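In: need coordinates for the below:
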Amino acid sequence: MKGMNGWQVWAGIACLTLVLVAGCMDNDGADTPAMNETERAIAIALADPEVQENIPVDTGAYEIVDARPGRYKATGPDGTISWSGTEVTFRVTNQSSVYHVFVDVPNSVVVKHYWQWIKDPMPCIQTGPPEEYFSLEAAATAPGPACRLSAPYYVPEGYGFTRVQVFGEPCPRRYISYTGIDDRLMLVQTCAGDPPWAFAISMPKYTTVMVNGAEAKVGETQISWTTDDNTSYWLRGNLNTSELHKVARSVAPFTGPATPTPTQTRGPGELITPGKSHFGTPVIFWPDHITLKAGTENTGNIVAESREKGYGMVHLSIVSRVSGDTSLAATLPIPDGMELSITPADFMTYPKETYYPTITVSTAAATPPGEYVFLVHETWEGMYYGGGHFDVIVTG
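Out: Model prediction:
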């Protein structure tokens, strides 16, 4: 649905102001049909003073991306609340980020609004599945990004090579994957410098190390660097920093056999074949940290990769604040003035696609500075359920 022209929008708002339910009178005195619920939601959103501060309503330099039934859940000091209504999504002309507005139509009020910041260019929406190669030799000679295929010549014991995925335009890149018993080690290679795309999860809290002469950023479970020839790498895996750094230092252009494919076992007699047992299983990456100043709001991206088998509903929730990231961590109260939500918290997925839900954290000026750990839960219907943790860092 495209944006209305300015005169159409304001005519709707004037009608809404005069008579919310009944139709308005036009210039010849005849009744016009009453607005339907979607039209009323758009008019209510555009009449809201805070929305007008974010969207250039007066110039009409925006578009309505979508208007549909929406669900909003938030976790705060008073517990978790759930609300259903109409969600209107706007985009300002020449901007890639979108603005979500939740409207309670029966009560004619805006319940919630927030920006979903999208990096420019917009997230890489696949026009088709990636090409897949199940040996480094095959991937090295296949068409793909302009730079040579690189691979780690060291991986920890228990990991084995699984496959290389080659993505084309609009965001050409390679995924070189290694599967462990309970985890995956992934190297993303691009050939045009540090990628701005959404799959390259940001590291708000990091240290720097050297990787083969290049300065690298190291965060929790990930490391990224760009070489002198403008090739960029992003390595992610559930390894400690020193082990992750060791894998990164071993990355080099592929010239021959690299990293053997070991037989892995989960238990006596239970074999796991790399590229088979975990092949096609969907995965969800949560942000490690969201940092904001007291009295402000900030967001973080969740990346959900459906892969070959990820068909079904996904349910995401923030369960509680806890004292640490272990299974024995105690539940603690939500800090005063803090509210957390995920949008969308429930969504349908289809194979070989990537989805980007947003975590929004808002605080009051009185919210105490500190580092807060939150327990999260995820369910991919028909596939798995699990959980994890992320930190909210509030500065003074």
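In: which stretches of the stretch 201-350 of the chain have low pLDDT?
Out: Along the stretch 201-350 of the chain, segments meeting pLDDT under 70 span 201-204, 258-280, 327.
In: which residues does Ile176 bridge with?
Out: Going by DSSP bridges, Ile176 is paired in beta bridges with Val164, Leu187.
In: state the pLDDT value of it.
Out: Note for Ile176: predicted pLDDT of 92.
In: so who does it touch?
Out: 136, 139, 149-152, 161, 164, 186-189 (C-beta atoms under 8 Å, 6 or more residues apart in numbering). From N, CA and C alone the C-beta is placed, and that goes for glycine too.
In: one more time with 7 Å
Out: For Ile176, the contact set (C-beta atoms under 7 Å, 6 or more residues apart in numbering) comprises 151, 164, 187, 189.
In: roughly how far does it sit from Leu185?
Out: 9 Å (C-beta to C-beta, to the nearest Å).
In: check Tyr206 too.
Out: 19 Å.
In: repeat for Pro143
Out: 25 Å.
In: who has more neighbours out of these two?
Out: Neighbour totals were compared for Pro143 and Leu185, and Leu185 leads with 24 against 7 (other C-beta atoms under 10 Å).
In: I figured that one was touching Tyr159, is that so?
Out: Yes. Taking contacts as C-beta atoms under 7 Å, Leu185 lies within contact range of Tyr159: 5.6 Å.
In: need the overlap of contacts for those two.
Out: Tyr178.
In: Three-state assignment for Cys147, please.
Out: coil (DSSP: H, G, I helix; E, B strand; the rest coil).
In: typed the wrong thing, it's Val51
Out: On the basis of three-state DSSP, Val51 is classed as helix.
In: and it, how far is that from Tyr153?
Out: The value you get for Val51 to Tyr153, if C-beta to C-beta is used, is 54 Å.
In: comparing these two, which residue is more hemmed in?
Out: Val51 (19 against 16).
In: distance check, Ala214 against Asp346.
Out: Ala214 is 41 Å from Asp346, by C-beta to C-beta.
In: which residues sit in contact with Pro143?
Out: So Pro143 contacts nothing (C-beta under 7 Å, 6+ apart).
In: what score does it have for pLDDT?
Out: 86.
In: give me phi/psi at it?
Out: Phi and psi for Pro143, reported as degrees, to the nearest 10, are phi -60, psi 150.
In: ok, it to Glu381 distance?
Out: 36 Å.
In: same check on Phe90?
Out: To Glu381, Phe90 is 31 Å away according to C-beta to C-beta.
In: quick check, Gln189 in a helix?
Out: No. Assessed with three-state DSSP, Gln189 is strand; it does not lie in a helix.
In: isn't it up against Tyr175?
Out: No. Between Gln189 and Tyr175 there is no contact under C-beta under 7 Å: 8.2 Å.
In: more neighbours, these two?
Out: Gln189 (25 against 19).
In: chain neighbours aside, what residue packs nearest to the more buried one?
Out: Counting by C-beta to C-beta, 6 or more residues apart in numbering, Arg174 is the residue found nearest to Gln189 once chain neighbours are left out, at 4.5 Å.
In: so what's the residue count around Pro172?
Out: 18.
In: thinking it is in contact with Pro145, fair?
Out: Yes. Under the criterion of C-beta under 7 Å, Pro172 makes contact with Pro145 at 4.6 Å.
In: shared neighbours of these two, anything?
Out: Cys191.
In: please, where are all the helices along the stretch 151-300 of the chain?
Out: 241-249 (DSSP state H, counting those that start in this stretch).
In: show me how far stretch 102-118 is from its chain's centre.
Out: 20 Å (C-alpha atoms, centre = their mean, to the nearest Å).
In: contacts for it?
Out: 20, 37, 40-41, 44-45, 48, 50-51, 70, 72, 83, 85-88, 96-101, 198, 297, 299, 358, 360.
In: flag every buried residue along it.
Out: 102-105, 108, 110-118 (16 or more other C-beta atoms under 10 Å).
In: between which two of those residues is the distance greatest?
Out: Greatest spatial distance among these (C-beta to C-beta): Ser108 and Ile118, at 29.7 Å.
In: could you measure from the closest residue in space to Gln52 that isn't next to it in sequence over to Thr296?
Out: Distances taken as C-beta to C-beta, 6+ apart place Leu46 nearest to Gln52, at 7.4 Å, with adjacent residues excluded. Distance, Leu46 to Thr296, using C-beta to C-beta: 25 Å.
In: who has more neighbours out of those two?
Out: Neighbours per residue (other C-beta under 10 Å) separate Leu46 from Thr296, with Leu46 holding more: 23 against 14.
In: pLDDT wise, what is that one at?
Out: Leu46 is assigned 95 on the pLDDT scale.
In: am I right that it is in a strand?
Out: No. Under three-state DSSP, Leu46 falls outside any strand and is assigned helix.
In: nice, that's everything, thank you.
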